[in-house]
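Chemist: Sharing a sequence plus its predicted fold:
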Amino acid sequence: MAQKMSRNRKTRKIFFTVFLLIGLLFTPFQSPSCAEELRCSAPVKKEDSAWKLIRKKTRARTFTEFMTPALDNHGNSIPYENGGQLGPTNTANIVWVDYEIAENTKLVYHQRFAMTYASTATDPAFSTVFRNPRFALRKVNVFKVPNLTTTYDLYFQPGLAREAERAGRDLEFGFRTVTYYLIPRSKVTLGAITEFTLARSNQLNAPHGSANLYSWLMPNASYELNKIFSTQHYLTLSFQHTRGTQGLQYDYPMPFNIQNGIGVNISENIWAAAFINNYLNTAPTWSNTWASLWLSLILL
């Protein structure tokens, strides 16, 4: 009996030894360098480049409004409410870029300039006049309300352009608001755009009649006809306070006018509109009615 148990133990040792040898023979040998290669070949999450990160946080837009002469086409000029010549045909242009520094918080560069297409007493035809540049801190979507979009800018404008000398605006501070609300279960959007600016002059004798405060309000509404076309309705009210005077007064050129037209979604990045413009305080005539074209581009 003892001999049988001894033979069984020997048999188990032999099987164990053979099993171990087979395992060693069929187990691949990995050197440290091979192990490193295996780790290097494993999927690695690619980090975004610096440019891609900047691009994700940056927006760039342009806006252009071209104003035609009065419909009777006298003097190539935008009309006063009485039919007189207010100013030359021109385009008002805005280019702005913002960069996100925190959630719903952005830094903004906002540049305005006008291009005229007819001569005036101070500017030749085909001239370009830049306004003071604007640097702003922007907050967007402050209120968590469905269908409500808000943009608030707190800005300053250093006197780097011609208007700093001509209009006595060496340093300006102000705020801008843009609000839109889509009425639920409708195709109607209501909105308002406002600006309020204070101007300081370093000149001892600042130009008399130049504004040290100017502001405008633009309530608006639109109705979506389909995915491409919409009706557009804008009312502009402009005010200013000039040096050497008391109280507010209307701010020309466009102190109180209404614009009605059609908007067109040309593509995801291009929007345009055509308007007929009239004054609120007088009956429309051929000599005080004019047209304008809007073009808005998304660059980034």
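Modeler: Everything's here; your move.

Chemist: okay, which residue is most central for this protein?
Modeler: residue 61 (5.0 Å; Cα atoms, centre = their mean).

Chemist: residue contacts, that one?
Modeler: Contacts were defined as Cβ atoms under 8 Å, 6 or more residues apart in numbering; by that measure residue 61 touches 95, 96, 97, 296, 297, 298, 299. The C-beta positions use only the backbone N, C-alpha and C, and glycine is treated the same way.

Chemist: ok, now which ones touch the third one?
Modeler: Same thing as residue 97. Here residue 97 is in contact with 58, 59, 60, 61, 108, 109, 300 (criterion: Cβ under 8 Å, 6+ apart).

Chemist: The last one touches residue 57, doesn't it?
Modeler: By that I understand residue 300. No - using Cβ atoms under 8 Å as the test, residue 300 is too far from residue 57 to be in contact (10.0 Å).

Chemist: Would you map the helices across this structure?
Modeler: Using DSSP state H, the helices of the chain run over 2-26, 32-40, 50-57, 163-166.

Chemist: which of those helices has the lowest average pLDDT?
Modeler: When the helices of the chain are compared on mean pLDDT, helix 32-40 scores lowest, with a mean of 36.

Chemist: what residue ranges in the stretch 1-150 of the chain are flagged as low confidence?
Modeler: Applying pLDDT under 70 to the stretch 1-150 of the chain flags the ranges 1-48, 73-75, 119-124.

Chemist: what do you get if the cut-off is 80, keeping everything else the same?
Modeler: Filtered on pLDDT under 80, the stretch 1-150 of the chain yields the residue ranges 1-48, 73-76, 118-126.

Chemist: now residue 80: how far from residue 107?
Modeler: Residue 80 sits 40 Å away from residue 107, going by Cβ to Cβ, to the nearest Å.

Chemist: So if I had to pick from these two, which one is more boxed in?
Modeler: Neighbours were counted for residue 80 and for residue 107 using other Cβ atoms under 10 Å; residue 80 has more, 17 against 14.

Chemist: Which residue is the nearest non-sequential neighbour of the more buried one?
Modeler: Nearest non-adjacent residue to residue 80, counting by Cβ to Cβ, 6 or more residues apart in numbering: residue 86, 4.7 Å away.

Chemist: ok, now residue 279?
Modeler: residue 81 (4.0 Å).
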